[in-house]
Structures are given as structure tokens and as C-alpha cells.
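# model this:
(2 chains)
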Amino acid sequence: MSALTITYALLFYAATAILAIGVFRKIFIYARTPAPLLIPTTPAPTTATGVVWRMFKEVTVFESLFKSNKWIWIFGWMFHLALFLVLLRHLRYFTEPVWTVVALVQPYGKYAAFAMVAGLLGLWARRFVVDRVRYITNLSDHLMLLLLLAIGVSGILMKFGIVGIVDPAHTDIVAVKAFFLGLMYFDWQPLPADTVLVIHLTLVAVLMIVFPVSKLLHAPGVFFSPSRNQVDSAREKRHVAGWTAAETPGSK
Amino acid sequence: MLRAGPPRKRRAANSLFCYWNHNFRGLKNVADFEIPALKEYPVIPLIQVGSMAHSKPFVAKPDHQDAVGFPHELVDNWEEKAVKKLGELVQGSRALQVFLDACVKCGACTDKCHYYLGTSDPKNMPVARQDLLRQVYRRYYTFAGKYFPWLVGARDMDKEVLDDWYSYFHQCSQCRRCSVFCPYGIDTAEISMAAREVMDSVGLGQKYCNEILGKVYTIGNNLGLPEPALRNTLEGLEEEVKEDTGVDVRFPLDEKGADVLLVTPSADFFAEPHVDGLIGYGKVFHQAGISWTMSSYASEAGNFSMFIGSGANLKKTTRRIREAALDLGVKRLVVGECGHAWRVAYSFWNTLIGPFDFLDPKYPAPQHICEVTHDLIQRGALTLDKEANDHRIITFHDSCNVARASRMGNMPGGQFVIPREIIKSVANHFHDMAPDTIHESTYCCGGGGGLLTDDLIELRIKGALPRVEALKQVVDEHGVNFMAAICAICKSQFTKVIPYYDFPMEMIGSLHQLVSSAIQLKTKE
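Predicted coordinates:
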């Protein structure tokens, strides 16, 4: 077993634990924190089913963002949809046999990486070109885009890169798959020592580690946003929580 | 029906004010800021860093702070106490938890705030306003901010931060327009309420809000109108309506056993154009044969506790309404035209002072006066002459907190439909403003959320710009000469600021003023 294999095996165990525990902890905090008053942004659905539909539109087609700004929507939606396809495609490295849906997505997932990179470049360009967005951008916002972009580009290089420039041959993806299945079943297998692959995996591990302490928390957060997930039923159903439940209201 | 007869005292005083306003508006030229130019089509301005940093409302004095239960002046160790208070607020509010974490700085909100559009100050972009609080929250309560503050723009709580907070959290009218357009529904109103609560808790309060809350506790309403004066005013109104119409329309106060308790913003009691709305409510109740009363103890619908984000004060102020309703033995609670008040009533009353099991379950509790009037129109209970409003070409301003924080009727968006249906039932000429400036995209009047004070006049004038531009368009295209509103703050704000944009203040009015003009009282006598 090479030092590389051991290092990356441990790295991915650690990254997975940090991601899972960190996000679960945040979800637990969001769920446990009371929402003392009803504050849905209206017009809001008057039924729970309506709220599910509202949230579905928010997370699949980014409805509010679409109403807000078409450029951000195009780049943002392109990036997220492509990322979704790319992630689906990558499930092939963790499943044996490969799920049918993953096999079906494969032809699109391959090229989705380009859409993902294009979307990220568009979003990044806005951080320089639009004075208002430049003003609100912190260093971490640039670094997050750089990280995602580097993950996308290194992935593309492995899949489509001209063989011989960085690494002498195409990445042995059968071995990569064996490495990850080995991690899952605690039967470690060697990781190929390709430069681009190692860069790709390192960046993915970094992304997993920073996820729970960064703005990537918007992913679980959106489901807990009271302005989006509350039912507009203030008059029909009495709502109390937190400080509004703390004492009985004054009556005579 | 146009009112005939000699001008009464109230009107005379008012027209004097108009005269002054129209003829001495040279004032605006000596003001130390420029009135923004109205453009043909909306333009997103380039940022001008610090252009509104000087805007700060007067600070509350010790007795104002006493009334609302906050320290007199900045306490010792205020930095530490502010941080601690912020932590407590975040722990108690899922909204704050999520909103402070979730923002990705996408920029979707940056051109949505009327104060940004009117002032070009980047700290008036919703995300930048939130960041004033987020930077402190991150520094003390997040991993990234504790260990890598330079990376995520986190910073210590200090005097400079506090100055920014005091300035810019008093440049947010809590209108929620940003929350409509944010992909995560982040509502800057929640953030600015929290910031104001933190500032109050360490002894830095805003005079306007806290002084007014004191008046509610000692007298019963924001204007500080005591019971005898209120009774006198209402008697005067009865005489005025009698003189106008020959009909005895009553404006009852503290009458036990009435069916309806009307809670309305105290501006309705005497200020123009608010009072014409109150006259309208009275005529509606009269013709429908509904027995009603107002309460001198709970003579205020407006609730400034929300503006300062104070749960304790929200409870204390709203409790008066429950007490009054029980005292008077009413069966229904109806709320007059007021935006933030209707938000508190519609969204929070049931939580704060419910359950309303002592009221008649046939009616929603509380009910908006527009719902009452609309319902009566639907049932044919009112005799209306649309031609009475033929001299008016009308548009309607959706008040922010009615539009985005409440509802009317039983379907989502009823708050847009019902007022417009009423207008179309009482008038022939109605034109909506541009689609991206009405309904849920409506622009705030520029004076909401505790900013309706003369020490913030520059902010108010500039913040009204997007709404006034949309108004100008319908004035130019359709000859609109009347903008109806259903909020005391909108009405006060517009009558004050639109003259700076060369529109006459008389073009602002109550929705129920239109109803009042059209209603034919004698027909059902």
C-alpha cells in the first residue's frame, strides 16, 4: 500500500465525516431553533401542499432568482444543473452495478462539465464587471469560485485532456473506482498516482471540508427559510414557538 | 359626490399648508442635498460609497428609553453585551440562523431596495446592509470568522461598526422587497429588526420609535391623543358628515356591546388625507347597519414595537387590543387602513394575543376594513355611485407590508385583488402603475419601518424615487390625479415628499375616501 493511497484514504474518511457531521449539525440547529412569528413572504401558499410546490420550484428552477435577475439565473442555474448531472454521473464510482439512471445520464454528464465551468466563469465575471457585486464580494467568494472551477477543469482534463501533456496516459478509472469502493467496504485498493487525478481529488476533499463552515450552507438552509417554507394561515391556525410560547398571553 | 359648503377649520388649516407647500418650495433649493431627477425609465445607479453615511435619526433620550425598557445611554462594555445579545437573538430565531448563513452574495437583491435606487449608497443594497450585522455574527459565532476573519469579511464589534449600524439599519423600511427576489428568501427586515433590538439593549435607541411607543403606553396611541380630545374629534366628524350629507353617521368611542371594534392608525383621527378614510369606514358601517366602536384604550393600530424588533414591546402593545375587545364585549375585530399595522394584526395577533375564541367565528379575526367593505359590496349592501369619483383618475399604491407580509380574503394575493375591486366598484377611471412596481414587487413609499420622521427627510425623499417614477409614468400616460393608499405611513410620507417631485400633495388619498365619495347614504335611510 503506497503512502499516497493511505493519505487519500484517510483524507476522504475525514472529509466525509466533517461534511456529514457538519451539515447534520447545522440541519439540527436549523430544525431546533424556533420560528416565533409567522413571516412567509406573501403571496404565500395557504396549504402545506402549496408550500411543497413553492419550495420545489425554488430548488429546481430557482423561481425567485428568475424573477430577480436573468443573468445570475442563467449562469447560476446552468452551473447547478450541470453540477447535478456531473454528481449523478460520478455515482458510477461508488456503485456496482451502476444504477440505470446513472448509466442514462452518462452521455450528458460528460459534457455537463463544460456547462458547469461556463456557468462558474459567468458568475465570476459578474464579480468583476458589475460594480454592485464587486462591492459585496469577499476574498472567500472568489476562492469558492476558484475551487469549483479548478474541480471542473481538472475533471475535464482527465476526461478530455490530450494524453501526454500532464500525465502519460488516460486516468485508469477502473482503478479509481476500485479505490472508492474499497474505501466504502473497508478493503483499501491502490489509488493511481496521476497528477491531475490527485489534484482533482484534493480539491474535492477541500470542498467537502469547507462545506459546513461556508456559504455552501445555502443548500440545506433554503429548506428552512421561514419566508419560503411557512404556510400563510396566521388567522386560521394559531402559531406559537420560542418567545411567543414562553408565557400565556394577557387576558382578563 | 363632491363636498359642498364652506371650508371647515380642519380643511382651512390644511389648504394653508398646501399653499405654503406649493409656493415656498424654494425650500428644496436651499436644502443641502439634491432632489433626484425623475427618469423616463428606471436606471440602476452606479455605487457611490458613503453617500448616505451622514444620515442618522435623532437618538432616544433617557425618558424615551425608560418607556420601552432599555438603558438610558450606551452601557459599559457595550461591545460585549451587544455581541451577547446578538447571539441570543440568533438562537431564538430560525430566520436569523438561516439568513445569516445562507447568503451566497449572488447580487440578486442589489438593485431591489428603493433606498439604494434613490441614494446610490452601496450599504443600502440589501446584502450589504445584512453584511453589517453578518460581519459581527461571523466574527464571534462562526468557525470561518473566528479563525479567518480576513477571508470572509468578519470584524470586531466596535464604535465604527455601531455607527454604521445606527445609520444604515435606520435606512431600511422593513418593506421585504429584497426577500421576494432573494433565492433563499432572506428578509433584510428581520436583520434590521434584530440590529435595532441589539442597539436598544445596549442603550442606543431611536428617538422617533421609542418616544411614540411611550405615548401608546401612557395615552393609548402614537399621536398622544387623550380620550377627551379623541371624543371631541369624533364628535366633530359626526357634525361634519351631517353637514355634508344630512345623515347622522356615528363615530362611536368606548361603546360596550358593539359588534365591531375598529382599531385604526391614530393618524386617521384628524390628519389629512387619513381622516377622509375614517369617514369612509363610518359611512360603510352606517349603511351596512353594523354596530361598531373604537376604543380610547386601544386607539392605535400602528405598532412600532415591530420596527424596533422588540418581542417584549410587541406583546405589551398588542395586549391592549385584546383587553379592549374583551372589555367592550365585541364580536369582531376590524383593522383600518395601515400597512405595518395590518402585518402585525394579520400575521402576529393570533400568535401574540389569541386565541380569539371569544369572537364570532363566522368572521376572520382580525379582519381588514377592505375585506369588510369588499364583502358588503359583493352582497349588494352598499349603494354606490361611481360617477361621484369621475373627476378622479386613480391609481393604487400597494403598501409594502400589506403586499408582502399579509393577506386579504381567502386566496393568496387577495391583498392585491380586493382593494382594486373596491376601487373599480366606486370609480370609473383606474389605471395600474408598471407591473414591476405593483403587487408583490411594489416599492415602499420610503417612510415605513420607523423612518417617518423629519430628521430623516433626505432619506425619505430619495427613497420615494422609484415609486414616484412609476407614478409619473401613469400621470403622463393616463392623466392620473389620485393615488389611493391603504397605509397611514404611505399617506403621510407621500403627502410630505411628492411636492419635492412637483406633484401636488392632494393627489394622495385613502382608499375609503373614494368609497366615502361614492356611497349614497340617503338611499337606504
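
# show me the contacts for A:W71.
Shown in contact with A:W71 (Cβ atoms under 8 Å, 6 or more residues apart in numbering or on different chains): A:122, A:126. Backbone N, C-alpha and C define where each C-beta goes, glycine included.

# avg pLDDT for the host helix or strand of it?
Using DSSP states H and E, A:W71 sits within helix A:70-90. For helix A:70-90, mean pLDDT rounds to 97.

# say whether chain B is contacted by the next helix or strand after it.
Next in sequence after helix A:70-90, counting helices and strands by DSSP H and E, comes helix A:100-129. Yes. Counting by Cβ under 8 Å from any Cβ of the partner chain, chain B has neighbours in helix A:100-129: A:123, A:126.

# what residues sit buried inside helix A:100-129?
Neighbour counts using 16 or more other Cβ atoms under 10 Å in any protein chain shown place A:102, A:105, A:109-110, A:112-113, A:115-120, A:122-124, A:126-127 of helix A:100-129 among the buried residues.

# with stretch B:109-126 instead?
Neighbour-count burial for stretch B:109-126 flags B:109-126 (criterion: 16+ other Cβ under 10 Å).

# off-centre distance for stretch B:71-85?
Chain-centre distance of stretch B:71-85: 30 Å, with Cα atoms, centre = their mean, to the nearest Å.

# quick one: buried residues of it?
For stretch B:71-85, a neighbour-count test (16+ other Cβ under 10 Å) marks B:71, B:74, B:78-79, B:81-83, B:85 as buried.

# what of stretch B:342-349?
Residues B:342-349 are the ones in stretch B:342-349 that count as buried (16+ other Cβ under 10 Å).

# state the mean pLDDT of that stretch.
What stretch B:342-349 shows for mean pLDDT is 98.

# pull it out as CSV, backbone CA atoms only.
Below are the C-alpha coordinates for stretch B:342-349, written out as CSV (Å, rounded to 0.1, in the frame of the first residue of the first chain):
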residue,chain,number,x,y,z
TRP,B,342,-52.1,45.1,9.2
ARG,B,343,-49.0,42.9,9.2
VAL,B,344,-48.9,42.8,13.0
ALA,B,345,-52.6,42.3,13.1
TYR,B,346,-52.9,39.6,10.4
SER,B,347,-49.7,37.7,11.0
PHE,B,348,-49.0,38.2,14.7
TRP,B,349,-52.2,38.9,16.7
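
# picking up where we left off before, may I see the buried residues of the helix holding A:W71?
Buried residues in helix A:70-90 (16+ other Cβ under 10 Å): A:72-83, A:85-86, A:88-89.

# sorry, back to before: and chain A, which of the buried residues of stretch B:342-349 reach it?
Residues of the buried residues of stretch B:342-349 in contact with chain A (Cβ under 8 Å from any Cβ): B:346-348.

# tell me the one among these nearest to B:I498.
Comparing these against B:I498 with Cβ to Cβ picks out B:Y346 as the nearest, at 27.9 Å.

# the closest one contacts B:R407, correct?
Yes. Applying Cβ atoms under 8 Å as the test, B:Y346 and B:R407 come out as touching, 6.6 Å apart.

# just to revisit the earlier point, now the buried residues of stretch B:71-85 in CSV, with pLDDT?
CSV is the format used below for the buried residues of stretch B:71-85 (pLDDT from 0 to 100):
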residue, pLDDT
B:P71, 97
B:L74, 96
B:W78, 97
B:E79, 97
B:K81, 98
B:A82, 98
B:V83, 98
B:K85, 98
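
# the residues you listed: which ones sit near chain A?
Residues of the buried residues of stretch B:71-85 in contact with chain A (Cβ under 8 Å from any Cβ): none.
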